[in-house]
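# this one's sequence-less:
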């Protein structure tokens with residue numbers, strides 16, 4: 001399984017990085033984790049075919065994590081000429097928020113009949129859902145966004161990938177990431193506590209409980225990027241490709 005960090009920045013472009021957009025390519029399926037506002041830029045920059053993506057998982061409803069959906073769908077209809085079905089999974093409120101944002105950006109676009117089937121699935125917390133060779137279990141995180149924020153535990157071809165989404169420490173991250181082959185953890189600060197966001201010092205303290213096989217930190221602020229050499233795990237950057 002190959003993961004391309006097509007975008008791993010925060011909402012403010014710290015370090016010149018693009019919004020969150022992780023492309024996961026396995027033998028039987030390819031999918032996205034989050035589709036931030038700059039997602040189409042990410043996919044073009046790293047030569048990722050949007051039509052290869054069968055499922056998009058959304059962790060939470062902030063623009064740097066989901067606001068690229070509208071551009072993705074318009075590209076699929078008008079540019080990439082998509083024909084295969086697409087499934088978009090995320091927290092309750094996903095459909096309303098997506099349609100509101102898409103209509104604001106591209107008036108009339110929500111009503112356009114697409115040439116492919118688009119299935120939106122609003123995921124219940126703590127329940128495993130299966131789709132197209134994938135399983136996903138969302139765990140409620142702690143990040144204010146007017147809808148439940150999720151940490152996502154995704155199973156694919158015998159591998160477990162966990163993404164914390166944006167969150168301050170919450171004990172739900174332990175079952176979400178327990179024994180994962182890869183834990184992708186938001187790490188906004190190094191040692192400064194900040195409401196709604198993880199810092200590396202807190203994450204490191206809990207890693208023995210989570211016991212992932214591999215850890216990569218992402219979604220870092222400018223101060224965190226300036227001190228990245230002080231962490232003992234891998235750090236994401238736009239264009240990083242890893243295999244698990």
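Everything's here; your move. These numbers were taken from a predicted model, which means no experiment stands behind them. Residues are numbered from 1 along each chain as shown.
# quick one: find the helix or strand in this protein with the lowest mean pLDDT.
The helix or strand of the chain with the poorest confidence is strand 129-131; it has a mean of 91 (mean pLDDT, DSSP states H and E).
# quick one: strands adjacent to the helix or strand that it is followed by?
Per DSSP states H and E, the first helix or strand lying C-terminal to strand 129-131 is strand 134-140. Strand 134-140 has these partner strands in its sheet, going by DSSP bridges: strand 129-131 (antiparallel), strand 150-156 (antiparallel).
# okay, buried residues for strand 134-140 please.
Within strand 134-140, the residues scored as buried using 16 or more other Cβ atoms under 10 Å are 134, 136, 137, 138, 139, 140. C-beta: built from backbone N, CA, C; applies to glycine.
# beta-bridge partners for the third one, please?
In this entry, residue 137 is beta-bridged to residue 153, by DSSP bridges.
# still on that earlier bit, reformat the strands paired with strand 134-140 as JSON lines; add mean neighbour count.
Converted to JSON lines, those look like this (neighbours: other Cβ atoms under 10 Å):
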{"stretch": "strand 129-131", "mean neighbour count": "13"}
{"stretch": "strand 150-156", "mean neighbour count": "24"}
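# which of those sits closest to residue 48?
strand 150-156 (17.1 Å; Cβ to Cβ).
# starting at the chain centroid, how far to the closest one?
10 Å (Cα atoms, centre = their mean, to the nearest Å).
# which element follows that strand toward the C-terminus?
Trace forward from strand 150-156 with DSSP H and E and the next one is strand 159-163.
# which strands border that next one, and is each parallel or antiparallel?
Short version: by DSSP bridges, strand 159-163 pairs with strand 150-156 (antiparallel), strand 182-186 (parallel).
# wait, which of those strands is closest to residue 101?
The nearest among these, by Cβ to Cβ, is strand 150-156 at 18.3 Å.
# what does the closest one rub up against?
1, 24, 26, 29, 31, 33, 57, 59-60, 90-91, 123, 125, 133-141, 160-165, 167, 172-173, 175-177, 180 (Cβ atoms under 8 Å, 6 or more residues apart in numbering).
# of these, buried ones?
Here, 16+ other Cβ under 10 Å leaves 1, 24, 26, 29, 31, 33, 57, 59-60, 90-91, 123, 134, 136-141, 160-165, 167, 172-173, 176-177, 180 buried among the contacts of strand 150-156.
# which residues does residue 167 contact?
Residues in contact with residue 167 (Cβ under 8 Å, 6+ apart) are 141, 142, 143, 149, 151, 173, 186, 196, 197, 198.
# so which of those is the closest to residue 244?
For the contacts of residue 167, the residue nearest residue 244 by Cβ to Cβ is residue 151; the value is 17.8 Å.
# returning to that earlier point: could you export the strands paired with strand 159-163 as JSON lines, including mean pLDDT?
Formatted as JSON lines, these follow (pLDDT from 0 to 100):
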{"stretch": "strand 150-156", "mean pLDDT": "98"}
{"stretch": "strand 182-186", "mean pLDDT": "98"}
